[in-house]
Structures are given as structure tokens and as C-alpha cells.
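Student: Let's see this in three dimensions:
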Amino acid sequence: MTMQIALVLFILGAAIVFLVTEWVSMEVVALLVLGCLALTGLISPNEALSGFSNPAVVTVWAVFILSGGLTRTGVGNIIGRYVLRMAGRRELLIVMVIMLSAGVMSAFMNNVAVAALMLPVVMDISRQTGLPPSRLLMPLAYGSLLGGLTTLIGTPPNILVSNALRDTGLTPFRLFDYTPIGLTIMVAGTTFVALIGRHLLPARDVAKESSTAGHQDLREQYELQERMFLLRVPSDSVLANKTLVESRLGSVLGLHVLGIIRDDRTELAPDPSAVIQAGDRLIVEGRLERMNELNSWQELAVEKDPIDMEQLFSKDIHTIEMWLGNSSSLVGKTLNEIGFRNRYGVNVLAILRQGRPRRTNLQDEVLMTDDKLLVQGSLERLEALKGISGLGEFSQV
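Tutor: Got it, this is the predicted structure:
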């Protein structure tokens, strides 16, 4: 084995480890592999960068741009919802329609984009029909994969193969050259899953399974415990008898006061004009370094005991996830501009965007389509949120 082969195997093995463990994001791993190949002399710098000018790479970029455009404009979502309305309540027909509709869209969109676009639609169908999501999501995944086989742009490998033919002087594939074989495979796969495969799928009801530990799962997903603290107002504090606005906890320290505990009663989403009293305990959300600054500040005392999350998740206080659709009146605005807390009397504990929770400076965060807001308040207040136009599904925790 030569040194060059050993280096290639080592770089490949390291890349596989990073991809499997997800210690580093996939795009960073790809760039690291490219850089390592150039730095070790296995390829020249020109060869390392030549791929960015490859027509196949540009075509794949274009497919992702097309998929993103269809997703953001809502065209694919409208088509998906319209087609799925014809499925009725029979599981056989629902599975077939999900797979065929996902397959048709995957012929001209990226597979992952189709699955992400159809996911909320399929979950709506699951709730309306009472079918377990586990029996519908797997057909969605297979449908999007099989549909990518039907056209040249349906999946990146088809584009790469066609480009390889062009480079060798052979006739490249055209857009629908894959269709006869790909369509046959898609129909056969859909028929198998609808008639046989669906009986092999698990009938899990995730909502019921997670009901016993729903709050705990939600805290872990949004990492709430790491950013919530209790601040006690000493009897001699200058903040006593001042309003929240006058205390400047938000403007100076960047702390979000979620509630005030007074005489064993918790007042959530207090009004900015609420008066702080000596002995109050403030439930705040903020950065850990801000809490460390308070250790030397005599006006507030940071309690060492971890916050009792049950004070925020009790039978009188409910927490929901609300999804912002394309037509939501909240998109493009900040919570501060909307006056969300004062208008609706609820707390926004976190914003989930592209799978990553945001928990600090939420008042200045511009809301985007497909954002999920973790909202907390009384049942009456939360019911009032359903009157906001353009809101998607509400998931109670």
C-alpha cells in the first residue's frame, strides 16, 4: 500500500466518523475533505476547485434553488394538500395517494425538500383520520425516493451519470429518458407498499407514547432548563416597588422575565407595568454569563437550586407549539413589533427554526415561515391565538 492510498483511506475513514457521529455538520466535513486532499498533495489546488465549475454541480444547485422556490411560494404545498384531500379515510388509498403525489413532485424537486414539504400535510391527515403517523411517514419517504428515479433532475446521481456520458463523448440522457423504467419502478413500489408493505409497518402512536414524558421531551428539545433561572428580590433591593420597565432587566441585562412568583402564586407573562415587590422570585430566561454577572450585584440574588419546571408546566398553565404558515400575519415581524406578549398575555419561551432552538433576544427575532413557537399561558389565552390568520397546526404538550 502506497502512502497516497493510505492518506486517502485515512481521510475517508475520518469523514465517515464525522458523518456518522455528526460532531461536525455535513457541509463542513465535505469542505474539510476537499481541503485535506489539496493540502496533502493528493490533488492540485486547481483540481480541488474544478468541481465547482462542473455543469453537473451547477445543475444540482439549480435543482435545490427550484425546490426552495416551490417550497417558499407554497405551490408544492397547495398541490400536496389538494391531492391528499382525495384520499378519504381508507388507509390503502391514503398510502397510495401519498406515495404517488410525493413521487410526482420528486420528479422535479429534491427528494428531501418534498419530504419536508409534505410532512405537515401527512401529519394533518394522520390527525384527521386517526391513523398512526408511523404508517404514513414511511410511505412518504419511499414515494419521494422512488419519484426521483423518473426524470433526469429527480436525483443528483442521474445528473452525474448524464454528465459523465457527455464528458466521454457519448450521448447524454435527456430529461425523460429515465421515465419508462423509473415510472415502472415507482408504480411497482407503490403497489407493494400499499398492498403488502404497509402491514409490516409499526402502528405507533407517538403522541400517546410521549404523553407521560411530554414536558420533559419538550424541555430537552428546546433546552429550556439551561436558560431558565430564579432571581430573588432582597428586602433592601432598590428594585422593590419598581415596575419591570423601570427595573431595566431586559434592556440592561437582556433578561426575559417569564413570570413572578409571589406568595406561592405564579403570574405568567407579567405586564411591563407589573410592580416588583420585596421577596418576589422572578422566573427569567437569559444567558448564563448574565447570571454570573448578577452574583456580584446586590439588588438581585440568583438562587442556586434549579428552577422547578413544574411551576411553568402545571394543570392551570398549558404549553403549545404553534407553526407559522406561508400566509401568517406574523411572518416578517418581530415579537416586539407585534406586541405579542402584551396583546395575547402569553410567553414565547423559544423559537424552533430548522431544528435549532432560539431562546435569547426573542423580542427582536424576525419571525420566518415554518418557524415553531413554544408558547405558554392559560388555556383561555392560548385559545385566543387560534384567531390569528395564517397559523398552522397547534400541538399541545
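Student: can you pull the buried residues of stretch 28-40?
Tutor: Within stretch 28-40, the residues scored as buried using 16 or more other C-beta atoms under 10 Å are 29, 33, 34, 36, 37, 38. All C-beta atoms are positioned from the backbone trio N, CA, C, and that covers glycine.
Student: which two of those lie the greatest distance from each other?
Tutor: 29 and 38 (15.3 Å; C-beta to C-beta).
Student: which residues does residue 266 bridge with?
Tutor: On the basis of DSSP bridges, residue 266 is bridged to residue 261.
Student: Just the pLDDT at it, thanks.
Tutor: With respect to pLDDT, residue 266 scores 74.
Student: now do residue 72
Tutor: 66.
Student: one step back: just the closest of the buried residues of stretch 28-40 to residue 136, please.
Tutor: Distances from residue 136 to the buried residues of stretch 28-40, taken by C-beta to C-beta, are shortest for residue 29, at 32.2 Å.
Student: From the buried residues of stretch 28-40, which land in helices?
Tutor: 29, 33, 34, 36, 37, 38 (DSSP state H).
Student: sorry, back to before: so can I have a markdown table of the buried residues of stretch 28-40 showing distance to residue 202 and pLDDT?
Tutor: Below are those laid out as a markdown table (distance: C-beta to C-beta, whole Å; pLDDT from 0 to 100):
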| residue | distance to residue 202 | pLDDT |
| --- | --- | --- |
| 29 | 32 | 89 |
| 33 | 37 | 89 |
| 34 | 40 | 87 |
| 36 | 41 | 89 |
| 37 | 42 | 88 |
| 38 | 46 | 87 |
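Student: Closest to residue 378 out of those residues?
Tutor: Nearest member of the buried residues of stretch 28-40 to residue 378, counting by C-beta to C-beta, is residue 29, at 46.2 Å.
Student: Next up, the contacts around that closest one.
Tutor: Shown in contact with residue 29 (C-beta atoms under 8 Å, 6 or more residues apart in numbering): 15, 18, 19.
Student: Tell me the spacing between the second one and residue 117.
Tutor: By that I understand residue 18. Remark: distance between residue 18 and residue 117 (C-beta to C-beta, to the nearest Å) = 29 Å.
Student: And the two? Which one has more around it.
Tutor: Higher neighbour count among residue 18 and residue 117: residue 117, with 24 against 17, using other C-beta atoms under 10 Å.
Student: Format the buried residues of stretch 28-40 as a markdown table; extra columns: distance to residue 388.
Tutor: Putting the buried residues of stretch 28-40 into a markdown table (distance: C-beta to C-beta, whole Å) gives the following:
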| residue | distance to residue 388 |
| --- | --- |
| 29 | 41 |
| 33 | 46 |
| 34 | 46 |
| 36 | 50 |
| 37 | 51 |
| 38 | 52 |
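Student: Kindly indicate which of those lies nearest residue 89.
Tutor: residue 29 (44.3 Å).
Student: Note down every partner strand of the host helix or strand of residue 373 and its orientation.
Tutor: Per DSSP states H and E: residue 373 is located in strand 372-377. Applying DSSP bridges to the sheet, strand 372-377 is found paired with strand 318-324 (antiparallel), strand 347-353 (antiparallel).
Student: Kindly reformat the contacts of residue 29 as JSON lines containing secondary structure, pLDDT and distance to residue 131.
Tutor: Converted to JSON lines, the contacts of residue 29 look like this (DSSP: H, G, I helix; E, B strand; the rest coil; pLDDT from 0 to 100; distance: C-beta to C-beta, whole Å):
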{"residue": "15", "secondary structure": "helix", "pLDDT": "90", "distance to residue 131": "40"}
{"residue": "18", "secondary structure": "helix", "pLDDT": "89", "distance to residue 131": "38"}
{"residue": "19", "secondary structure": "helix", "pLDDT": "88", "distance to residue 131": "34"}
